[in-house]
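*Asks:* Fold the stuff below for me.
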Amino acid sequence: MPEDVYVDLQYQGIELGSRLCMQEFTSSEAYVQCPQPMPVGSSIVIRVGDELQIPVRVARVSEQVAGAPRSPGMFVEAAELDAVAKAWWDGNVSEAANASEAANASEAANASEAANASE
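*Replies:* You can find the predicted model right below:
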């Protein structure tokens, strides 16, 4: 399973944070621990080292709440990745995440088939 990844975040050229922990990668989303998450729908840039910049959109936010299961942060969604960014992203997706996504897709297909059959 891939380890946590540390990235820098920018919003319109302004540094939001450096060496923030990014984890829970799926094929299109990941969680970034950030003490002050951006609002849902915000477009931000993930910087990996000096060369790789990945545009993402904030999909969901996890606020600081006593007893919360995770640190505050945000789930970011990567829509259009170039080949280099896709290779980096895919290299961080765990086998467990791939299996979970496949199971969810199968469940959705089965539910759709069941709904169509009952009509």
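*Asks:* what ranges do the helices span in the protein?
*Replies:* Ranges of helices in the chain, per DSSP state H, are 83-92, 95-118.
*Asks:* Which of the ones you listed comes out lowest on mean pLDDT?
*Replies:* Ranked by mean pLDDT, those end with helix 95-118 in last place, scoring a mean of 53.
*Asks:* Please give me every residue in contact with the most centrally placed residue in the chain.
*Replies:* Per C-alpha atoms, centre = their mean, the C-alpha nearest to the average position across the chain is that of A30, at 1.9 Å. The contact partners of A30, by C-beta atoms under 8 Å, 6 or more residues apart in numbering, come to 22-24, 75-76, 78, 89, 92. Any C-beta I mention is one placed from the backbone N, CA and C, and that applies to glycine too.
*Asks:* Please narrow these to those residing in strands.
*Replies:* 22-23, 75-76 (DSSP state E).
*Asks:* okay if I get the contacts of A30 as CSV plus distance to G67 and neighbour count?
*Replies:* Output for those, formatted as CSV (distance: C-beta to C-beta, whole Å; neighbours: other C-beta atoms under 10 Å):
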residue, distance to G67, neighbour count
M22, 23, 20
Q23, 20, 17
E24, 19, 16
F75, 20, 19
V76, 24, 27
A78, 30, 20
W89, 31, 23
N92, 28, 18
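*Asks:* Look at S71 and report its pLDDT.
*Replies:* Per-residue pLDDT puts S71 at 87.
*Asks:* And the closest residue to it other than its chain neighbours, how close does it get to G41?
*Replies:* Among residues not flanking S71 along the chain, Q33 sits closest, at 4.6 Å (C-beta to C-beta, 6 or more residues apart in numbering). Noted for Q33: a distance of 20 Å to G41, by C-beta to C-beta, to the nearest Å.
*Asks:* Compare the two and say which is more crowded by neighbours.
*Replies:* Set Q33 next to G41 and count neighbours by other C-beta atoms under 10 Å: Q33 wins out with 18 against 8.
*Asks:* give me every residue that touches the more buried one.
*Replies:* Residues in contact with Q33 (C-beta under 8 Å, 6+ apart) are 20-23, 70-73.
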